[in-house]
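Student: missing the sequence, but the structure's below:
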């Protein structure tokens, strides 16, 4: 599981973009707080940051003509099997104007993501 660097979202092939949507859904749902070494950093922040990132994924999906369940566009939604986030969970240490959303998505991480895609035979 990986959250691709934000700058790559518009360049991701269909399979990786749709996979990113599924991973965001999983993390927002029952996966919230579950240990996974490549995405543990998201749990250091408000779930609202994951929502913001997920909205970038959804915006790119829409730009390409893909459809998604509009329920995911609500910041409190966590899927059918999870209770919604409470407002205090989303507000905690949340900033709406940080770019990138996650400070971990720096230039080094961008290069790591590009290399990871190259190893899968995907050149950008």
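Tutor: Structure received. This is a predicted model, so every value here is computed, not measured.
Student: give the buried residues for the host helix or strand of residue 22.
Tutor: Here residue 22 sits within helix 14-28, counting by DSSP states H and E. For helix 14-28, a neighbour-count test (16 or more other Cβ atoms under 10 Å) marks 16, 17, 18, 19, 20, 21, 23, 24, 25, 26, 27, 28 as buried. Every C-beta, even on glycine, is put in place using the N, C-alpha and C of the backbone.
Student: how about stretch 100-116?
Tutor: 100, 101, 102, 104, 105, 109, 110, 113, 114.
Student: go on, stretch 72-85?
Tutor: Here stretch 72-85 shows 72, 75, 76, 77, 78, 79, 85 as buried, counting by 16+ other Cβ under 10 Å.
Student: off-centre distance for that stretch?
Tutor: 14 Å (Cα atoms, centre = their mean, to the nearest Å).
Student: and what of stretch 107-124?
Tutor: Using Cα atoms, centre = their mean, the offset of stretch 107-124 from its chain centre is 17 Å.
Student: thinking again about what came up before, and the helix holding residue 22, what other elements does it pack with?
Tutor: helix 47-63 (3 or more Cβ pairs under 8 Å, 6 or more residues apart in numbering; DSSP states H and E).
Student: quick one: mean pLDDT for the following helix or strand past the helix it packs on?
Tutor: Using DSSP H and E, the next helix or strand after helix 47-63 towards the C-terminus is helix 87-91. Across helix 87-91, the average pLDDT comes to 76.
Student: which of the buried residues of helix 14-28 lies closest to residue 119?
Tutor: residue 16 (12.7 Å; Cβ to Cβ).
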